[in-house]
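**Q** no FASTA, just this:
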């Protein structure tokens with residue numbers, strides 16, 4: 001990882017921001033019902049939160065959350081998020097399906113449901129607004145965040161970094177190797193590290209972020225730490241060079257090499273091939289390959 005990045009002629013420090021918020025990092029909240037119920041009581045009577053997995057979103061945007069198999073919670077649509085425009089409650093609820101949810105216990109219903117489960121009333125709004133407000137105050141360009149992909153378009157990934165703060169990661173900033181689609185590297189639900197490229201505070205204190213991964217790309221000097229001349233590795237066909245005498249082959253997320261091509265075989269974008277590393281030119285920062293297939 002590079003420790004500096006340049007944006008519009010300004011230099012920024014690249015440092016890890018520990019966004020260790022439960023919705024970003026947690027996987028298994030509670031080992032058993034006893035531990036979970038203790039957390040529930042602490043949340044109900046003290047300023048603590050509980051964790052659960054969102055297993056269902058109703059048609060009107062209510063979230064159903066499982067703390068354990070026998071303890072579930074309901075988050076009403078109006079308590080899903082602090083964002084109120086353009087139906088964001090329902091969209092955010094659906095984006096969180098099968099993911100970890102942090103919330104405050106408002107009520108324990110006296111009666112169990114038809115499956116004998118304890119049912120809670122939960123509220124998420126204030127919990128995640130604290131995360132968003134923390135970002136507004138502390139987050140800077142150059143901060144490295146852990147996030148989760150919640151949307152994919154033809155040109156970008158949309159990454160949730162906690163607090164219902166979703167940033168934009170353009171295709172060219174995803175990896176060093178040439179790709180035509182973000183789905184070649186990431187899909188919805190995948191975890192990803194991103195670097196804050198731009199930060200804007202919008203109306204009502206909402207936050208707009210754009211991300212890059214370029215400071216996380218490996219430098220050419222790292223290539224010889226992973227590969228040597230005569231190594232045989234797997235690669236993916238990318239593009240022809242300008243005079244169509246060579247093919248660029250991706251051999252890792254950060255490195256491509258050029259292989260001679262004489263037209264005696266048909267290759268298309270994305271084809272998997274075996275290549276041999278023929279030459280590493282450190283001065284010109286070039287990798288010469290030979291296709292073995």
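**A** That came through, no problem. Just so it is clear, the model here is predicted, and its values are computed rather than measured.
**Q** By mean pLDDT, which helix or strand of this protein comes out lowest?
**A** Every helix and strand of the chain was ranked by mean pLDDT, DSSP states H and E. The lowest is helix 22-25, at a mean of 74.
**Q** Outside of that helix itself, list whatever touches it.
**A** 49, 51, 99-102, 128, 146-148, 160-162 (C-beta atoms under 8 Å, 6 or more residues apart in numbering). Yep, even glycine has a C-beta here, placed from its N, CA and C like the rest.
**Q** Out of the residues you listed, which comes closest to residue 78?
**A** Nearest to residue 78 among the contacts of helix 22-25 is residue 128, at 13.8 Å by C-beta to C-beta.
**Q** right, and the helix or strand after the helix or strand containing the closest one?
**A** Per DSSP states H and E, residue 128 falls inside helix 125-138. Sequence-wise, the next helix or strand downstream of helix 125-138 (DSSP H and E) is strand 143-152.
**Q** Off-centre distance for that next one?
**A** Relative to its chain's centre, strand 143-152 lies at 3 Å (C-alpha atoms, centre = their mean, to the nearest Å).
**Q** That strand pairs with which strands, parallel or anti?
**A** Sheet partners assigned to strand 143-152 using DSSP bridges are listed as strand 15-16 (parallel), strand 156-160 (antiparallel), strand 191-201 (antiparallel).
**Q** Can you say which of those strands is packed in most?
**A** Neighbour counts (mean count of other C-beta atoms under 10 Å) averaged over each of these peak at strand 156-160, with a mean of 22.
**Q** Run the chain-centre distance for it.
**A** 7 Å.
**Q** what do you get for stretch 128-141?
**A** 17 Å.
**Q** Likewise for stretch 279-293?
**A** From the chain centre to the centre of stretch 279-293 is a distance of 32 Å (C-alpha atoms, centre = their mean).
**Q** Other residues contacting it?
**A** 220-221, 223-224, 227, 229, 232, 235, 247, 249, 251, 255-261, 265, 273-278.
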